[in-house]
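Student: predicted model follows, preceded by the sequence.
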Amino acid sequence: MLSSSWLKAALVVDPVMISTSGDVLVGPSVLAGFLEELLPMTDIVTPNIKEASVLLGGVPLKSVSDMRTAAKLIHDLGPRNVLVKGGDLPNSLDAIDVFFDGEEFYELCSPRVNTRNSHGTGCTLASCIAAELAKGSSMLSAVKTAKHFIEAALDYSRDMTIGNGAQGPFDHFLALNINQSSCRLNRFNPNDLLLYAVTDSAMNRKWGRSIAEAVKAAVEGGATIVQLREKDAETRDFLEAAKVCLEICHSYGVPLLINDRIDVALACDADGVHVGQSDMPARLARTLLGPEKIIGVSCKTPEQAHQAWIDGADYIGCGGVYPTNTKANNRTIGLEGLKEVCLASTLPVVAIGGIGLSNAREVMKLGAPNLNGVAVVSALFDRECILTETRNLHALVS
Ligand SMILES: Cc1ncc(COP(=O)(O)OP(=O)(O)O)c(N)n1
Ligand SMILES: Cc1nc(C(=O)O)sc1CCOP(=O)(O)O
């Protein structure tokens, strides 16, 4: 028995051999067909740990380390990507899935949802991956989105009572009802890019403010995401300031990213990083930060935007839309350049460079697909009152 979907020439296979409830669903002839014919043509196979064990001739999987070994061995059987689902792993507080793309391993971790309503999760996960691939996601993004969807759906339907069996189905229609629920579908919401405040240490010094004071004023004024871009801060000072800013931002429900410094982002458990074309490559940043963190990449061309998507970035910072004094020797690409990148990008885009009260509306009116907001430094932080400037700019772009 198979649950598979062909979309955009991608074959996603959920090897439905043993159900979550432990029932064996296939015989030996099906297993042979799986190994010899199906796996070699598969883009991703998504076995649970019992199915992974069956595919490998019965080896027991008892730990995440065993799951990694299994993912590698199953990859050797032919599929281009493997997701070993650890929902059944004993003695684990979290649901840890191991994703292997032939080069890197990713441990995708989410809190275990205690519910009897878990019937159908495997098939739904595979279908969701296929749908995300068809929408243009990279494999890792598709897997992450699918996993978040399952987690949210399980949480949403944990207390439902349907039928009399030991297990109930979970609710696939939560998206229709999500507004009534507190669960979150994605860790990164592209709408957060609407008003992106990027700090600048020199400007804070000029106005005699700490980074934390500047950040507090910006989030109070309506900044929807914040990036600490502290080019000349000492590492220790930067880290301490980042921890304080993280508390401030989270108290307003606003994500905080760190410019360039993956080490600082890891040390303070920031929500993510923003990297440029000459910084740590996004793919390596993803490996270092894991699947849950937000990664933004600066792009001036459609080619760079495409690479950022392949590398597993979450959004693109595109500029300079207008000339700027904040970043030395920055090439201006104009509204035309911005539009070109937006049209080519499969990722959400935030415009940057010389944007302020006088031109933010013009940028947003471009109406380019994927353009989700404006990122601003001097128009917020090189002003006497950050709070007022942020409020005014927020009103303009909303
Ligand atoms: C949102 C956003 N977009 C672009 C940049 C520029 O990043 P980068 O190219 O790394 O240049 P520096 O910021 O390091 O000077 C950004 N920081 N944020
Ligand atoms: C940090 C940065 N990156 C840019 C890019 O084009 O990638 S422009 C820029 C500076 C933006 O500052 P302001 O809002 O003061 O013009």
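Tutor: Thanks, I have it. Numbering: from 1, shown residues only. Ligands and ions are numbered 1, 2, ... in the order given.

Student: pull out the buried residues from stretch 30-44.
Tutor: Residues 30, 34-35, 38-39, 42-44 are the ones in stretch 30-44 that count as buried (16 or more other C-beta atoms under 10 Å). (Glycine included, C-beta is placed from N, CA and C.)

Student: try stretch 122-142
Tutor: Neighbour-count burial for stretch 122-142 [16+ other C-beta under 10 Å]: 122-133, 137-142.

Student: looking at these, which are in helices?
Tutor: Within the buried residues of stretch 122-142, residues falling in helices by DSSP state H are 122-133, 139-142.

Student: which residues of the chain fall in strands?
Tutor: 3-7, 10-14, 44-45, 81-84, 94-100, 105-111, 195-198, 225-228, 256-259, 272-275, 294-299, 315-318, 349-352, 371-376 (DSSP state E).

Student: would you turn the ones you listed into JSON lines with distance to ligand 2?
Tutor: Putting those into JSON lines (distance: least, C-beta to the nearest ligand atom, whole Å) gives the following:
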{"stretch": "strand 3-7", "distance to ligand 2": "34"}
{"stretch": "strand 10-14", "distance to ligand 2": "33"}
{"stretch": "strand 44-45", "distance to ligand 2": "34"}
{"stretch": "strand 81-84", "distance to ligand 2": "32"}
{"stretch": "strand 94-100", "distance to ligand 2": "31"}
{"stretch": "strand 105-111", "distance to ligand 2": "28"}
{"stretch": "strand 195-198", "distance to ligand 2": "6"}
{"stretch": "strand 225-228", "distance to ligand 2": "9"}
{"stretch": "strand 256-259", "distance to ligand 2": "8"}
{"stretch": "strand 272-275", "distance to ligand 2": "9"}
{"stretch": "strand 294-299", "distance to ligand 2": "4"}
{"stretch": "strand 315-318", "distance to ligand 2": "6"}
{"stretch": "strand 349-352", "distance to ligand 2": "5"}
{"stretch": "strand 371-376", "distance to ligand 2": "5"}
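
Student: redo those strands as a markdown table? Include mean pLDDT.
Tutor: Converted to a markdown table, the strands of the chain look like this (pLDDT from 0 to 100):
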| stretch | mean pLDDT |
| --- | --- |
| strand 3-7 | 39 |
| strand 10-14 | 77 |
| strand 44-45 | 96 |
| strand 81-84 | 96 |
| strand 94-100 | 87 |
| strand 105-111 | 80 |
| strand 195-198 | 98 |
| strand 225-228 | 98 |
| strand 256-259 | 98 |
| strand 272-275 | 98 |
| strand 294-299 | 96 |
| strand 315-318 | 97 |
| strand 349-352 | 98 |
| strand 371-376 | 97 |
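
Student: for Lys216, which of the ones you listed is the nearest?
Tutor: Nearest to Lys216, of all the strands of the chain, is strand 225-228, at 10.1 Å by C-beta to C-beta.

Student: against which helices or strands is that closest one packed?
Tutor: strand 195-198, helix 211-221, helix 235-251, strand 256-259 (3 or more C-beta pairs under 8 Å, 6 or more residues apart in numbering; DSSP states H and E).

Student: the same query, at a cut-off of 6 Å, please.
Tutor: strand 195-198, strand 256-259 (3 or more C-beta pairs under 6 Å, 6 or more residues apart in numbering; DSSP states H and E).

Student: returning to what we had before: check the buried residues of stretch 30-44 and tell me the two furthest apart.
Tutor: Farthest-apart pair in the buried residues of stretch 30-44 is Val30 and Asp43; separation 20.1 Å (C-beta to C-beta).

Student: ok, back up a step: lowest-confidence one in the ones in helices among the buried residues of stretch 122-142?
Tutor: Of all those, Ser141 has the smallest pLDDT value, namely 81.

Student: residues of stretch 350-366 that come out buried?
Tutor: 350-356, 359-360, 363-364.

Student: go ahead and name everything in contact with it.
Tutor: For stretch 350-366, contacts defined as C-beta atoms under 6 Å, 6 or more residues apart in numbering pick out 193, 196, 317-324, 335, 338-339, 373-376, 379, 392-393, 396-397.

Student: quick one: low-confidence residue ranges for the stretch 51-200 of the chain.
Tutor: 91-93, 111, 172, 174-187 (pLDDT under 70).

Student: counting neighbours, what do you get for Leu257?
Tutor: Residues contacting Leu257 under the criterion other C-beta atoms under 10 Å number 25.

Student: no, scratch that, I was asking about Ala95
Tutor: Neighbour tally, Ala95, other C-beta under 10 Å: 21.

Student: so what pairs up with it in the strands?
Tutor: For Ala95, the beta-bridge partners under DSSP bridges are Ser110.

Student: roughly how far apart are it and ligand 1?
Tutor: Using C-beta to the nearest ligand atom, to the nearest Å, Ala95 is found at 32 Å from ligand 1.

Student: that residue contacts Asp88, doesn't it?
Tutor: No. Ala95 is beyond contact range of Asp88, at 9.3 Å (criterion: C-beta atoms under 6 Å).

Student: hmm, back to that, ok, of the ones in helices among the buried residues of stretch 122-142, which one's closest to Asp14?
Tutor: Closest approach to Asp14 among these (C-beta to C-beta): Ala126, at 3.6 Å.

Student: my guess is the closest one contacts Val45, does it?
Tutor: No. Ala126 is beyond contact range of Val45, at 9.0 Å (criterion: C-beta under 6 Å).

Student: what's the local residue count around the residue in the stretch 151-300 of the chain that ligand 1 sits nearest to?
Tutor: The stretch 151-300 of the chain approaches ligand 1 most closely through Gly276 (2.3 Å), counting by C-beta to the nearest ligand atom. Residues contacting Gly276 under the criterion other C-beta under 10 Å number 14.

Student: pLDDT at it, what is it?
Tutor: In this model, Gly276 is scored at 97, pLDDT.

Student: begin at 473 from here
Tutor: Understood, numbering begins at 473; the last thing we discussed is Gly748.

Student: check contacts around it.
Tutor: Each residue near Gly748 by C-beta under 6 Å, 6+ apart is listed here: Ser770.

Student: do that again at 10 Å, thanks
Tutor: Shown in contact with Gly748 (C-beta atoms under 10 Å, 6 or more residues apart in numbering): 731-732, 768-771, 789, 799.

Student: thank you, goodbye.
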